[in-house]
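Student: task: produce atomic coordinates for the following.
(one chain, ligands or ions: 2)
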Amino acid sequence: MVNPILKAPDGPPSDVERIKKESNYLRGTLKEVMLDRMSAGIPDDDNRLMKHHGSYLQDDRDLRNERQKQKLEPAYQFMLRVRLPGGVATPNQWLVMDELAQKNGNGTLKLTTRQTFQMHGILKWNMKNTIQAIHATLLDTIAACGDVNRNVMCNSNPYQSKIHSEVYEWSKKLSNDLLPRTRAYHEVWLDEEKVAGTPELEEVEPMYGPLYLPRKFKIGIAVPPSNDIDVFSQDLGFIAIVEDGKLVGFNVAIGGGMGMTHGDKATYPQLAKVIGFCTPEQMYDVAEKTITIQRDYGNRSVRKNARFKYTVDRLGLETVKAELENRLGWSLDEAKPYHFDHNGDRYGWVEGIEGTWNFTLLIQNGRVADFDGYKLMTGLREIAKIHTGDFRLTPNQNVIIANVSSENKQKISQLIEQYSLTDGKHYTALRRSSMACVALPTCGLAMAESERYLPVLLEKIEEIIDENGLRNEEITIRMTGCPNGCARPALGEIAFIGKAVGKYNMHLGAAFDGSRLNKMYRENIGEEEILSELRVLLARYAKERQEGEHFGDFVIRAGVVKAVTDGTNFHD
Ligand code: SRM
Ligand code: SF4
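Tutor: Ligands and ions are numbered 1, 2, ... in the order given. You can find the predicted model right below:
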């Protein structure tokens, strides 16, 4: 199977490769260490494996210094991420997540940029019963993190529900069929007995093999004209092609990704490139074979160069396409025309199919909680108790109360009103188009604030927006606490990427439809400078923009930044 002409980079395997190799298909000593009550944490090797089970050991960084002073171990806690293809959850599943977050987590839920639930603050002793409760509601956390295929995203556009439900079924199939086959999860968390004498052969993981992938792998399906899933940021993106109201297949795009390291030009965000078209029935084969190419030729030595985007750029797009077709035994058709016009969400009530309704609710930065004066979590819980449709978590960290029957619409509207749940229409369109990653205090990699700071910064930017009459102008604005790119900042028309406490690199010029990366405009600046830059730029945009021109396009036309069309030029 492995093409002798193509080669994976040389070099000693990274430590994570050793851990996976010695782990007996992701078991490690997880079962034992989770029972150990001497520490609230777990050893590093097991923590690496833990990711494949959908969880990370974290510590509360707000408490880190204080605990160090008191010579206490860090305030260890686990983050748990659910696998929720396409972001669709039943009302009962919503209620279970809510209850678990209250009982075992930090009392909040985080709706992620890949359409799923995260819980933070789970103590080691509560992990098993939390995972078991998730399992009982027919969900799991398998492969939600780790060197495997992750949660498969799909468009959540309620305007096109028939197509959505079809596309959703494909995303579910991909997510399920690409799961690791090891029984490790079932043994560690669900008390499944290990069958004595099970041969631990390569066949345990027919697709992944015993070392799994060199790095995480992400798949998403977009339904034009909405590019809400940011299809060009995916390792493997599918663009639904709808002809005469029917789904005929998908354009295939490969090699996207957002992560990079500050100051390291060998790392960069990259856009996936369209290489052809396949039918829905061929989609699984395309995904499986693409994954095996990354399995065989990805960089297992240097993890920061291990994503599929670097494999594609190193081997060449045409070579990877030829290898894919070779493995498929057939050729992709020519890509079909498509058109995206935005990558954000559409808020409020929208009529769906067969008399049903959908309400897209703004969840700022995806945090579902009861805030002072805004009982968002309680309101959603009350809705879940009477809702007969489903909840659709969007790629922009919002939620759609979906498939509401016309009989139920009034009751749900009443609850929306009673709890003042917002479709965001009284905010600026800028805020409605904003997204921030988690960052502090839970993310161990954060260099700066993000989720907690973006709303504060937005308030100040909104004053400038109002001064310039731009209240209804949709401008995508994204913030992350580090360059890993969890809120897909390289695709924000305005973006802030954390560099140090209170300091951000400011990026400008991505396309409103998610088809062009942005470019660094100012390095390492704080709030004052951010605001003074935006004061000038937004005033110019208000005066000089052409009819219908988006901010990202304007800054390029006006020569503020150069257009970046390919990640390999990102740092130029
Ligand atoms: Fe992410 C790591 C949170 C979407 C790129 N991401 C992390 C970790 C687990 C930190 C860590 O490794 O210790 C963060 C946990 C923080 C916390 O306390 O919860 C984290 N990532 C998130 C979430 C929750 C952000 C959010 O606010 O919604 C998103 C969960 C998605 C999900 O449900 O699966 C999330 N992460 C993304 C995305 C966006 C996407 O996939 O569409 C990206 C960029 C796309 C990509 O992968 O290229 C992303 N996360 C990363 C990276 C950089 C990977 C790379 O290529 O270098 C890391 C760091 C790593 O893997 O070493 C990372
Ligand atoms: Fe953490 Fe960085 Fe991801 Fe934000 S972008 S959640 S700071 S890893």
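Student: ramachandran angles for D296?
Tutor: D296 adopts backbone torsions of phi -80, psi -30, taken as degrees, to the nearest 10.
Student: in this structure it contacts A8, no?
Tutor: Yes - the criterion here is C-beta atoms under 8 Å, and D296 meets it with A8 at 6.7 Å. Every C-beta, even on glycine, is put in place using the N, C-alpha and C of the backbone.
Student: get me the contact residues on the stretch 401-550 of the chain for ligand 2.
Tutor: Applying C-beta under 6 Å from any ligand atom, we find that the stretch 401-550 of the chain lies next to ligand 2 at 437-439, 443, 445-446, 450, 480-482, 484-486.
Student: who wins for most neighbours among the residues you listed?
Tutor: T480 (34 neighbours; other C-beta atoms under 10 Å).
Student: would you map the helices across the stretch 201-350 of the chain?
Tutor: Ranges of helices in the stretch 201-350 of the chain, per DSSP state H, counting those that start in this stretch, are 283-297, 308-315, 317-328.
Student: just the CA trace of the helix or strand bottoming out on mean pLDDT in the chain, in CSV.
Tutor: Among the helices and strands of the chain, helix 64-69 carries the lowest confidence by mean pLDDT, DSSP states H and E, at a mean of 88. C-alpha atoms of helix 64-69 as CSV (Å, rounded to 0.1, in the frame of the first residue of the first chain):
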residue,chain,number,x,y,z
ARG,A,64,-1.8,28.5,40.0
ASN,A,65,0.5,31.1,41.7
GLU,A,66,-1.4,31.0,45.0
ARG,A,67,-1.3,27.2,45.2
GLN,A,68,2.4,27.2,44.3
LYS,A,69,3.0,29.6,47.2
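Student: neighbouring contacts of it?
Tutor: E73, P74, A75 (C-beta atoms under 8 Å, 6 or more residues apart in numbering).
Student: hey, where'd the strands end up in the stretch 401-550 of the chain?
Tutor: Along the stretch 401-550 of the chain, the stretches classed as strands by DSSP state E, counting those that start in this stretch are 434-436, 477-480, 494-500, 503-508, 519-525.
Student: show residues contacting the first one.
Tutor: Contacts of strand 434-436 with the rest of the structure, by C-beta under 8 Å, 6+ apart, involve 113, 364-365, 396-397, 450-451, 453-454, 458, 476-480, 487-488, 492.
Student: low-confidence ranges in this protein?
Tutor: Low-confidence segments of the chain, defined by pLDDT under 70, are located at 1-2, 158-160, 195-203.
Student: nearest residue to the middle of it?
Tutor: Most central in the chain under C-alpha atoms, centre = their mean is R114, positioned 2.9 Å from the mean C-alpha point.
Student: I'd say that one and N396 touch.
Tutor: No - counting by C-beta under 8 Å, R114 does not reach N396; the two are 11.0 Å apart.
Student: now do the shared contacts for those two.
Tutor: By C-beta under 8 Å, 6+ apart, no residue touches both R114 and N396.
Student: how far away is N251 from L211?
Tutor: Going from N251 to L211 by C-beta to C-beta, to the nearest Å gives 31 Å.
Student: looking at those two, which has the bigger crowd around it?
Tutor: Comparing N251 with L211 by other C-beta under 10 Å, the one with more neighbours is N251, at 24 against 17.
Student: how close does the closest residue in space to the more buried one that isn't next to it in sequence get to S433?
Tutor: Among residues not flanking N251 along the chain, I239 sits closest, at 4.1 Å (C-beta to C-beta, 6 or more residues apart in numbering). According to C-beta to C-beta, I239 and S433 sit 22 Å apart.
Student: helix/strand/coil for I19?
Tutor: Of the three states, I19 takes helix under DSSP: H, G, I helix; E, B strand; the rest coil.
Student: what lies in contact with the helix or strand following the least confident helix or strand of the chain?
Tutor: Following helix 64-69 in sequence order, the next helix or strand is strand 76-81 (DSSP states H and E). The contact list for strand 76-81 (C-beta under 8 Å, 6+ apart) reads 39-41, 50, 54-60, 105-106, 112, 116-124, 127, 130-131, 134, 141, 144-145, 151, 442.
Student: and strand 76-81, anywhere near ligand 2?
Tutor: No - Strand 76-81 lies apart from ligand 2 when judged by C-beta under 6 Å from any ligand atom; the minimum separation is 10.1 Å.
Student: can you give me how far whichever helix or strand comes after that strand is from the chain middle?
Tutor: Next helix or strand after strand 76-81 toward the C-terminus (DSSP H and E): strand 88-89. Offset of strand 88-89 from its chain centre (C-alpha atoms, centre = their mean, to the nearest Å): 15 Å.
Student: can you spell out which helices and strands pack onto strand 88-89?
Tutor: In terms of contacts (3 or more C-beta pairs under 8 Å, 6 or more residues apart in numbering; DSSP states H and E), strand 88-89 is packed against strand 390-393.
Student: does the strand it packs on come close to ligand 1?
Tutor: No - contact of strand 390-393 with ligand 1 (C-beta under 6 Å from any ligand atom) is absent, the minimum separation being 8.9 Å.
Student: near ligand 2, which residues of this protein?
Tutor: Within the chain, the positions near ligand 2 by C-beta under 6 Å from any ligand atom are 437-439, 443, 445-446, 450, 480-482, 484-486.
Student: out of these, who's nearest P85?
Tutor: C486 (19.0 Å; C-beta to C-beta).
Student: wait, I475 sits on A429?
Tutor: Yes - using C-beta under 8 Å, I475 makes contact with A429 at a distance of 7.2 Å.
Student: who's more crowded, those two?
Tutor: The residue with more neighbours, out of I475 and A429, is I475; 24 against 18, by other C-beta under 10 Å.
Student: so what's the residue count around the closest residue to the more buried one other than its chain neighbours?
Tutor: Distances taken as C-beta to C-beta, 6+ apart place F551 nearest to I475, at 4.4 Å, with adjacent residues excluded. When counting by other C-beta under 10 Å, one arrives at 24 neighbours for F551.
Student: now F551: phi and psi?
Tutor: Backbone torsions for F551, taken as degrees, to the nearest 10, come to phi -60, psi -40.
Student: got a list of what it touches?
Tutor: By C-beta under 8 Å, 6+ apart, the residues touching F551 are E473, I475, E493, I494, F512, Y541, R545.
Student: gap between the closest residue to D341 other than its chain neighbours and L80?
Tutor: Closest residue in space to D341, ignoring its immediate chain neighbours: P225 at 4.4 Å, by C-beta to C-beta, 6+ apart. Remark: distance between P225 and L80 (C-beta to C-beta) = 35 Å.
Student: more crowded one of these two?
Tutor: Remark: of P225 and L80, L80 carries more neighbours, 27 against 14, as counted by other C-beta under 10 Å.
Student: what's across from that one in the sheet?
Tutor: Note on L80: beta-bridge partners by DSSP bridges are S55, M119.
Student: list the contacts for A266?
Tutor: Neighbouring residues of A266 by C-beta under 8 Å, 6+ apart: K304, N305.
Student: err, P280, not the other one
Tutor: By C-beta under 8 Å, 6+ apart, P280 lies in contact with E166, W170, L247, G249, F250.
Student: swap in I465?
Tutor: I465 makes contact with T428, L430, R471, E473, L538, according to C-beta under 8 Å, 6+ apart.
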